[in-house]
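Engineer: Model the following, please.
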Amino acid sequence: MDTKPIPKTGLARIWSACLYTLKGLKYALANEAAFRQEVVLVGILSVVILLLPLSMVWKGLLFFATAQVLVVELLNSAIESVVDLASPEFHTLAGRAKDMGSAAVFICLTLAGILWAAAIWTLFT
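Structural biologist: Below you'll find the model as predicted:
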């Protein structure tokens, strides 16, 4: 069993937090196919945002909506990991937790899609 690290303070805590963040991102990129796909999508759409003749407000909204998909996907993956640890065998509540995490990602993707459609619509009206 893993041992809990000794708590740090000050700059050491901030540095450790950065390292934990990079460790989490590295794990997600290596092991979560959906996260990898969404990273590619966010990368492509970020370039498209820069090229579109939209106001800075629209660009900001599109970037925020697009990038938040990654945040929600990371939270969903974290939920799935904790559920798998707590309940390795199938349980209705474990399935429900995973389904709700997936639903959060779906809602986020849908909202981003609606925003993108609205932004593109403004270009043609």
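Engineer: Using the three-state scheme, assign L45.
Structural biologist: The three-state assignment at L45 reads helix, by DSSP: H, G, I helix; E, B strand; the rest coil.
Engineer: Model confidence at it, what's the number?
Structural biologist: Per-residue confidence (pLDDT) for L45: 97.
Engineer: just S87 next, same as before
Structural biologist: pLDDT for S87: 89.
Engineer: count of residues packed around it?
Structural biologist: When counting by other Cβ atoms under 10 Å, one arrives at 15 neighbours for S87. Every C-beta, even on glycine, is put in place using the N, C-alpha and C of the backbone.
Engineer: just the one 4 residues further on next, same as before
Structural biologist: Close neighbours of H91, defined as other Cβ under 10 Å, add up to 12.
Engineer: Next: A34.
Structural biologist: Burial measure for A34: 14 neighbouring residues, criterion other Cβ under 10 Å.
Engineer: excluding its backbone neighbours, what's nearest it?
Structural biologist: Nearest in space to A34, with sequence neighbours left out and distances taken as Cβ to Cβ, 6 or more residues apart in numbering, is E73 at 6.0 Å.
Engineer: roughly how far apart are the one you found and R36?
Structural biologist: E73 is 10 Å from R36, where distance means Cβ to Cβ, to the nearest Å.
Engineer: Have a look at these two and say which one is more surrounded.
Structural biologist: Shown here are E73 and R36; by other Cβ under 10 Å, E73 has more neighbours (25 against 14).
Engineer: Check which helices and strands the helix or strand V69 falls within sits against.
Structural biologist: Element membership for V69 (DSSP states H and E) is helix 56-86. Where contact means 3 or more Cβ pairs under 8 Å, 6 or more residues apart in numbering; DSSP states H and E, helix 56-86 is packed against helix 10-31, helix 33-51, helix 92-123.
Engineer: how deep is T122 tucked in, by neighbour count?
Structural biologist: Neighbours of T122 under the rule other Cβ under 10 Å: 12.
Engineer: surely C108 meets A67?
Structural biologist: No: judged on Cβ atoms under 8 Å, C108 makes no contact with A67 at a distance of 10.3 Å.
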